[in-house]
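Novice: all I have is the shape, not the residue letters:
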Ligand SMILES: [Zn+2]
């Protein structure tokens, strides 16, 4: 389906405005020579003011919610209809790029701006949320903004402290918010119909596929394990090669197997051994013990379980053949977040409309949509970024790609009214 309104949309000038606004927000930083903007800092509040002003100018009613998210609402064609929330985050990592998070918020403002200019009202309200914390840079806990909307802040979060010993509770007060009032940011299930997030890919797949846009199928789940290989330490000169239980040789064999077996299983799975300690750790001693971490991620829970079982049994076979021992213990697990099928279809149609095809891909990084998906259906659109680089000042996107993204974003929003099978709340 193709809305006649799309032809009235001047994507080029809207994309230029998005790029310019990304540059403007990049100036709001705690450091003069790099971009760092953390939750509840004076810079965060300044960014909120700035974005709130742009929302207002686009025809939205604007407020800052009880956890410090900046929110705007554009009413539908009837009062109090549920909202489709278009969101992303305005906080950054240290020494960040200028598009991770901000792109999704600023692009959404352009869509509302156009609807307002054309005096188009939809059967749903549109809300834009600039989440205050997604990255977790300041307090080491993540998704504080989106968990404000779902109302799932654990009690313990208020006492978490930043590097200066300032608690979340104190920071809320310093920002003019009320720690006792954070529950007011929570939204009723009925008030929101769906959540859509546009974000840079943060990986190289779209660039490799020569596509500006892609539709996200799921946000990868992850498991992390501490693993240990135990052999027998011994003299590097005196123990013959046939009589060794070399823990590092066993670990090395397993590392190669991890890489190979993960590739063989496919299904978007990735596995990484990112740390390794070898003991006793001397040039003239056979390694007796190797400790390492295994990180596996993928878009489907069952595939993760199967891969992990396969990797661990392979580790067991390797140590049996070498007379060593192997143990692994999981210390972190997050389930994959599936994007809603109906929203994926809407996004696919919109992306196909502007790009001719709609590549599908999982997200390897976490997003606000993880928290929101606990309450409402979520969908995500990825925009190609140069070299897949993010969380770095070299993060880069093109104005042309943003123009494509804006056209797709507008098409999704315009098509919303024509789809009656979307769930409203859950
Ligand atoms: Zn992000």
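Specialist: Everything's here; your move. Nothing here was measured: the structure is a model prediction, and the numbers come from that model. Residues are numbered from 1 along each chain as shown.
Novice: return the residues of this protein in contact with the ion.
Specialist: Contact residues, the chain versus the ion (C-beta under 5 Å from the ion): 100, 101. Placement of C-beta: from N, CA and C, glycine included.
Novice: can you pull the contacts of the residue nearest the centre of the chain?
Specialist: Central residue of the chain (C-alpha atoms, centre = their mean): residue 367, 2.4 Å from the mean position. With contact taken as C-beta atoms under 8 Å, 6 or more residues apart in numbering, residue 367 is in contact with 88, 134, 197, 199, 219, 380.
Novice: in which helix or strand would I find it?
Specialist: Under the criterion DSSP states H and E, no helix or strand holds residue 367.
Novice: can you list which of the contacts of residue 367 are found in helices?
Specialist: Per DSSP state H, helices hold no members of the contacts of residue 367.
Novice: relative to residue 329, which of these is nearest.
Specialist: residue 219 (24.9 Å; C-beta to C-beta).
Novice: dump the residue contacts of residue 382.
Specialist: 198, 199, 200, 201, 206, 213, 214, 215, 216, 361, 363 are the contacts of residue 382 under C-beta under 8 Å, 6+ apart.
Novice: as JSON lines, the contacts of residue 367 with neighbour count, pLDDT and distance to residue 52 would be great.
Specialist: Formatted as JSON lines, those follow (neighbours: other C-beta atoms under 10 Å; pLDDT from 0 to 100; distance: C-beta to C-beta, whole Å):
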{"residue": "88", "neighbour count": "29", "pLDDT": "98", "distance to residue 52": "15"}
{"residue": "134", "neighbour count": "28", "pLDDT": "96", "distance to residue 52": "18"}
{"residue": "197", "neighbour count": "28", "pLDDT": "98", "distance to residue 52": "19"}
{"residue": "199", "neighbour count": "27", "pLDDT": "98", "distance to residue 52": "21"}
{"residue": "219", "neighbour count": "25", "pLDDT": "96", "distance to residue 52": "28"}
{"residue": "380", "neighbour count": "27", "pLDDT": "98", "distance to residue 52": "24"}
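Novice: got the end-to-end distance for stretch 210-221?
Specialist: Using C-alpha to C-alpha, to the nearest Å, the end-to-end distance of stretch 210-221 comes to 26 Å.
Novice: with stretch 123-135 instead?
Specialist: End residues of stretch 123-135 are separated by 33 Å (C-alpha to C-alpha).
Novice: mind checking how far the residue of the chain most remote from its centre is from residue 88?
Specialist: Within the chain, the residue lying farthest from the chain centre (C-alpha atoms, centre = their mean) is residue 238, at 52.5 Å. Noted for residue 238: a distance of 61 Å to residue 88, by C-beta to C-beta, to the nearest Å.
Novice: before we move on, what about residue 182?
Specialist: Per C-beta to C-beta, residue 182 is found 21 Å from residue 88.
Novice: would you map the strands across the stretch 151-300 of the chain?
Specialist: 192-200, 213-219, 221-230, 234-235, 270-279, 285-286, 289-298 (DSSP state E, counting those that start in this stretch).
Novice: quick check: mean pLDDT of the last one?
Specialist: When pLDDT is averaged along strand 289-298, the result is 96.
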